[in-house]
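Peer 1: I need the structure of the sequence given here:
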Amino acid sequence: MSTTESTSVGTAAPSRTEPWSRAREAFRSTLFLGQREVRTSVRTPAMFIPNLIVPIFFYFVMVGSLERFANRSGVQNWQAFQLPVAIMFAVMSGSAGLNMVADIESGYFDKLLLTPANRLSILLGAMGADFLRIMAQGMLVVTVALLTGMTFATGVTGAVAMVLIASVAGIAYSAIGFAIALKTGNAQATQSIWALWVPFMFLTTAFAPIEALSGWLRTAARFNPMTYILRGMRELAGHGWAIHEIGLALITVAALGTVTFTLALRALMGRVR
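Peer 2: Residues are numbered from 1 along each chain as shown. Below you'll find the model as predicted:
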């Protein structure tokens, strides 16, 4: 009787600790692979330096050339209107799976599959590193705007919140690139995500309020999720904590992420089979 009880106790304990052990190992794998992605980016500054320069250049060109025209057209705070667009330029310029496709082409990805690393950690580590990179880029754009005279309606807290919203939207968009990389294992196919980026950014309210748009462009902007993300970010920059607009932006980001992360996970499962 006592032998049976001791056996029962001895076999029950590992079953309770095993899920925690697996979760801990998965976290360690994600952290390790994310650190590797960060080191890769730091060692190749040519990959991210243009992503810092272009958004800032865009912001100053748009503000310098169109501010007076925008003010006369009814947009009172043109800086707050354009800053979210510049930030989206920054956060949608991550690796978008290019590092991962390089690992696939070089054979490193197959070597990872021979290790006990959690398969999901391969994707989460890469995306986590991409998130940190694009968030840093977005914060730099905001910092430059504040240092050059922009007044932020919700202060530093709102600025950080805006960059967080943009960064989550950026990583949700980048998930499309990861899905293509995992599905095709081809760098040229992965780079084709930029063909999607152009209409995603420009068929929206990037340059004018939706009330100023007309015809097919106004219709396209209404159905473009970026319109609602920009609207929430603009409330933070130019007006205040408008819960409805910010909440709509968060819901839009969540819906976009649900679709794109599902595509990336399906591509990952197909790659590791």
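Peer 1: what about the nearest residue to residue 85 once chain neighbours are set aside, is that helix, strand or coil?
Peer 2: Leaving aside its sequence neighbours, residue 85 sits nearest to residue 206 (C-beta to C-beta, 6 or more residues apart in numbering; 5.0 Å). Any C-beta I mention is one placed from the backbone N, CA and C, and that applies to glycine too. What DSSP: H, G, I helix; E, B strand; the rest coil gives for residue 206 is coil.
Peer 1: count of residues packed around residue 206?
Peer 2: 20 (other C-beta atoms under 10 Å).
Peer 1: Could you check how far residue 190 is from residue 256?
Peer 2: Note on residue 190: its distance to residue 256, by C-beta to C-beta, to the nearest Å, is 19 Å.
Peer 1: Tell me which of the two has more neighbours.
Peer 2: More neighbours surround residue 190 than the other of residue 190 and residue 256, with 27 against 20 (other C-beta under 10 Å).
Peer 1: dump the residue contacts of the more buried one.
Peer 2: For residue 190, the contact set (C-beta atoms under 8 Å, 6 or more residues apart in numbering) comprises 96, 97, 98, 101, 177, 180, 181, 184.
Peer 1: Just the element for it, please.
Peer 2: helix 187-191 (DSSP states H and E).
Peer 1: quick one: that helix to chain centroid distance?
Peer 2: 18 Å (C-alpha atoms, centre = their mean, to the nearest Å).
Peer 1: ok, now stretch 76-92?
Peer 2: For stretch 76-92, the distance to the chain centre is 16 Å (C-alpha atoms, centre = their mean).
Peer 1: In it, which residues are buried?
Peer 2: Buried positions in stretch 76-92, judged by neighbour count with 16 or more other C-beta atoms under 10 Å: 77-92.
Peer 1: neighbours around residue 38, how many?
Peer 2: 15.
Peer 1: now swap in residue 20 and tell me
Peer 2: Other residues near residue 20 come to 9 when the count uses other C-beta under 10 Å.
Peer 1: Ok, residue 64 next?
Peer 2: When counting by other C-beta under 10 Å, one arrives at 9 neighbours for residue 64.
Peer 1: Same question for the one 4 residues further on.
Peer 2: If you count neighbours by other C-beta under 10 Å, residue 68 ends up with 10.
Peer 1: what's the helix or strand for it?
Peer 2: Using DSSP H and E, the element containing residue 68 is helix 49-72.
Peer 1: buried sites along that helix?
Peer 2: 51, 52, 55, 56, 58, 59, 62, 63, 66, 67, 70.
Peer 1: Quick check: mean pLDDT of it?
Peer 2: The average pLDDT within helix 49-72 is 84.
Peer 1: and residue 119, how far is that from residue 271?
Peer 2: Residue 119 sits 9 Å away from residue 271, going by C-beta to C-beta.
Peer 1: higher neighbour count, these two?
Peer 2: Shown here are residue 119 and residue 271; by other C-beta under 10 Å, residue 271 has more neighbours (20 against 16).
Peer 1: Now for the nearest residue to the more buried one once chain neighbours are set aside: which residues touch it?
Peer 2: Using C-beta to C-beta, 6+ apart and skipping the chain neighbours, the partner closest in space to residue 271 is residue 182 (4.7 Å). Residues near residue 182 by C-beta under 8 Å, 6+ apart: 97, 100, 104, 123, 264, 267, 268, 270, 271.
Peer 1: before we move on, what about residue 206?
Peer 2: 85, 226, 230.
Peer 1: Now flag whichever of those is closest to residue 216.
Peer 2: residue 226 (16.5 Å; C-beta to C-beta).
Peer 1: Is the closest one in a helix, a strand, or coil?
Peer 2: helix.
Peer 1: Can you verify my assumption that it contacts residue 199?
Peer 2: No - using C-beta atoms under 8 Å, residue 226 is not in contact with residue 199; the gap is 9.7 Å.
Peer 1: who has more neighbours, these two?
Peer 2: Per other C-beta under 10 Å, whichever of residue 226 and residue 199 has more neighbours is residue 226, with 24 against 12.
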